[in-house]
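> Only the shape, not the letters, is given here:
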C-alpha cells in the first residue's frame, strides 16, 4: 500500500505561541506511529493575503496544492474565546473540494476545556467541506502545565497511547477513503 500523506496543520500564528510545542509533540507521535508521510502547514509561514481573492494568488494556489495532495489531516488548534483562531479559518476557507472525502483528526489545547469547543466548531466546518472528522482526538486542558520548559509532555504514557489510537483510526480512514476516491471520484458520488 502506498504511504498515507498526512498534513499537520498549525491552528495559530499568535506570538509567542504554544502551538509550536503542541505541534512538535503531535509530529513526534506521527513519526512513532509510522505509516505516514508528514507535511506541515503553518499559517505563520504561508504568507496568505489578508483577504482571499476571487482568483487565487500564488500563495493560495500553493496552499491548495498541498491540501489536495494530502490523504488526511491532523489539526493542532488552541481555543481562543471559546472558538478556533482566525488564521485557521482563513487556511481552511482557501480551499473547498480539495478537502472532500478525506479524514481529519484534532489535537486541541487551552484552559479548562482543553480546546474542545474549538474542535466542536471545526467538526461542523469540516463536515460542510465533506471531510470526515474522526471520533478520537487529544485535548490538553491547562496545557501550560502539561509540557515542561523543553517541550516534553509530563505524565505522557496515557496521552501517548491515546495519540496512537487516534492516529490508527486516522490511518484506517485515510486508506479507506483514498481507495473509495480512486474507485469512484467523490464529485461523481456527490452528484
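Now that the structure is in, tell me what you want to look at. Computed from a predicted structure; not experimentally measured. Numbers count the residues shown, from 1 in each chain.

> From the chain's centroid, how far away is the lengthiest helix in the chain?
For the chain, the longest helix by residue count, based on DSSP state H, is helix 157-183. Helix 157-183 sits 13 Å away from the centroid of its parent chain (C-alpha atoms, centre = their mean, to the nearest Å).

> how close does residue 44 get to residue 122?
19 Å (C-beta to C-beta, to the nearest Å). To be clear about C-beta, it is placed using only N, CA and C from the backbone, and glycine gets the same treatment.

> And these two? Which one has more around it.
With neighbours defined as other C-beta atoms under 10 Å, residue 44 and residue 122 compare such that residue 122 has more, 24 against 14.

> hang on, that one is in a helix, isn't it?
Yes. Residue 122 sits within a helix when classified using DSSP: H, G, I helix; E, B strand; the rest coil.

> What residue, apart from its backbone neighbours, is nearest it spatially?
When the adjacent residues along the chain are set aside, residue 122 lies closest to residue 84, with 5.7 Å between them (C-beta to C-beta, 6 or more residues apart in numbering).

> can you tell me which residues contact that neighbour?
11, 77, 78, 118, 119, 121, 122 (C-beta atoms under 8 Å, 6 or more residues apart in numbering).

> from memory the second one sits against residue 118, does it?
This means residue 77. Yes. If you go by C-beta atoms under 8 Å, residue 77 and residue 118 touch, sitting 5.2 Å apart.

> what do these two both touch?
Residues touching both residue 77 and residue 118 (C-beta under 8 Å, 6+ apart): 11, 84, 108.
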